[in-house]
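S.K.: quick one: sequence and predicted model below, then my questions.
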Amino acid sequence: MTLFHSIVIPSRNRNQQLSLAIWSIKRSAAFCGIKNYEIVIVDSHSANPPKSESNVSVLFDTNPKGLLNKPRCQNIGIDSAVGDALTFLDADALVSLRWMEGISELEKHPRLTRLCYRVRYLPSDYIAAVQSSESRERTVDKLFAEYDTYLLAHEAYGRPENNRHSCGPIFGNSQFSMRRDVLGDLRYDDEYVGRGHEDLAFIRETWMRDPESYRAKILTDPEHAIFHFANSLGGPDWRNKNQAARNERRYYNTWNGKQRLLPISKK
């Protein structure tokens with residue numbers, strides 16, 4: 001792989017999950033023989049912020065603390081990362097052993113707009129079990145061997161919010177990779193504060209720049225897929241009902257004037 005790979009992960013008070021995400025990425029990189037990568041953590045006011053280490057840099061959202069602004073963290077990561085290819089992951093991700101080699105799809109198929117990854121959920125109590133396991137590698141390999149038995153996360157086709165198989169473009173979910181030259185000056189909309197529709201909006205804007213040339217692929221095999229630990233955290237600094245409703249209104253209102261692009265599911 002000749003592309004330098006930057007993996008951007010926003011985080012707030014997710015140290016347990018984050019340490020497993022970093023461990024799994026480094027493990028995959030070592031297994032795949034990949035050295036030209038970096039992990040960019042953008043921390044937003046964690047009580048105990050993570051620290052930089054080999055292949056891992058930690059940046060900080062210096063805006064006043066409030067509801068977690070994931071888009072702002074993503075943009076900080078984009079503008080600071082040095083990679084030719086960028087991957088966006090959540091802090092509660094656990095990647096498979098061969099996951100890092102999947103990025104080569106962006107080299108093999110330069111017309112790809114987005115490379116997406118299937119995600120399934122692990123119960124939140126698995127965090128401690130995996131963290132404390134003396135044979136962590138075997139434990140994680142066993143989980144991925146049983147991958148298809150776990151609950152499937154959001155995986156969109158036809159429309160970014162359409163969580164089911166249908167005709168039309170592949171949109172997947174918020175865990176994906178893009179080439180830097182394809183991303184260009186596109187950034188996440190930091191008006192989406194807190195949880196709700198922030199990732200869907202970015203995915204939709206990526207498609208809407210040029211629907212005719214949009215191409216996406218989703219890696220669904222367990223060897224190149226991702227687990228998420230079901231999120232037992234959240235609280236008032238992330239899950240705010242009123243703000244979530246505002247995010248939803250913003251998302252659907254911004255379809256106005258673009259009816260010529262609809263229905264996406266029939267394209």
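M.R.: That came through, no problem. Residues are numbered from 1 along each chain as shown.

S.K.: can you pull out the strands in the stretch 51-200 of the chain?
M.R.: Secondary structure of the stretch 51-200 of the chain (DSSP state E, counting those that start in this stretch): strands at 56-60, 85-88, 93-95, 114-117, 119-122, 156-157, 170-172, 176-179.

S.K.: could you dump the ones you listed to JSON lines with mean pLDDT, distance to residue 49 and mean neighbour count?
M.R.: All C-beta spots, glycine's among them, are computed from the backbone N, C-alpha and C. Listed next are the strands of the stretch 51-200 of the chain as JSON lines, based on pLDDT from 0 to 100; distance: least, C-beta to C-beta, whole Å; neighbours: other C-beta atoms under 10 Å:
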{"stretch": "strand 56-60", "mean pLDDT": "96", "distance to residue 49": "7", "mean neighbour count": "17"}
{"stretch": "strand 85-88", "mean pLDDT": "98", "distance to residue 49": "20", "mean neighbour count": "25"}
{"stretch": "strand 93-95", "mean pLDDT": "97", "distance to residue 49": "19", "mean neighbour count": "25"}
{"stretch": "strand 114-117", "mean pLDDT": "98", "distance to residue 49": "27", "mean neighbour count": "24"}
{"stretch": "strand 119-122", "mean pLDDT": "97", "distance to residue 49": "25", "mean neighbour count": "19"}
{"stretch": "strand 156-157", "mean pLDDT": "95", "distance to residue 49": "33", "mean neighbour count": "22"}
{"stretch": "strand 170-172", "mean pLDDT": "96", "distance to residue 49": "30", "mean neighbour count": "23"}
{"stretch": "strand 176-179", "mean pLDDT": "98", "distance to residue 49": "26", "mean neighbour count": "22"}
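
S.K.: so which of these gets nearest residue 38?
M.R.: Closest to residue 38 of the strands of the stretch 51-200 of the chain is strand 56-60 (C-beta to C-beta; 6.5 Å).

S.K.: packing partners for that closest one?
M.R.: Contact partners of strand 56-60 among helices and strands, from 3 or more C-beta pairs under 8 Å, 6 or more residues apart in numbering; DSSP states H and E: strand 37-43, helix 70-80.

S.K.: give me the contacts around it.
M.R.: 22, 38-44, 49-52, 76-77, 80 (C-beta atoms under 8 Å, 6 or more residues apart in numbering).

S.K.: how about 6 Å then?
M.R.: Applying C-beta atoms under 6 Å, 6 or more residues apart in numbering, the contact partners of strand 56-60 are 39-43, 50, 52, 76, 80.

S.K.: residue 3: what secondary structure?
M.R.: Look at residue 3: counting by DSSP: H, G, I helix; E, B strand; the rest coil, its state is coil.

S.K.: what's the answer for the one 3 residues further on, then?
M.R.: When the structure is reduced to helix, strand and coil (three-state DSSP), residue 6 reads as strand.

S.K.: that older thread, now the strands of the stretch 51-200 of the chain in CSV, with distance to residue 255?
M.R.: Listed next are the strands of the stretch 51-200 of the chain as CSV, based on distance: least, C-beta to C-beta, whole Å:
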stretch, distance to residue 255
strand 56-60, 33
strand 85-88, 23
strand 93-95, 29
strand 114-117, 20
strand 119-122, 25
strand 156-157, 15
strand 170-172, 15
strand 176-179, 22
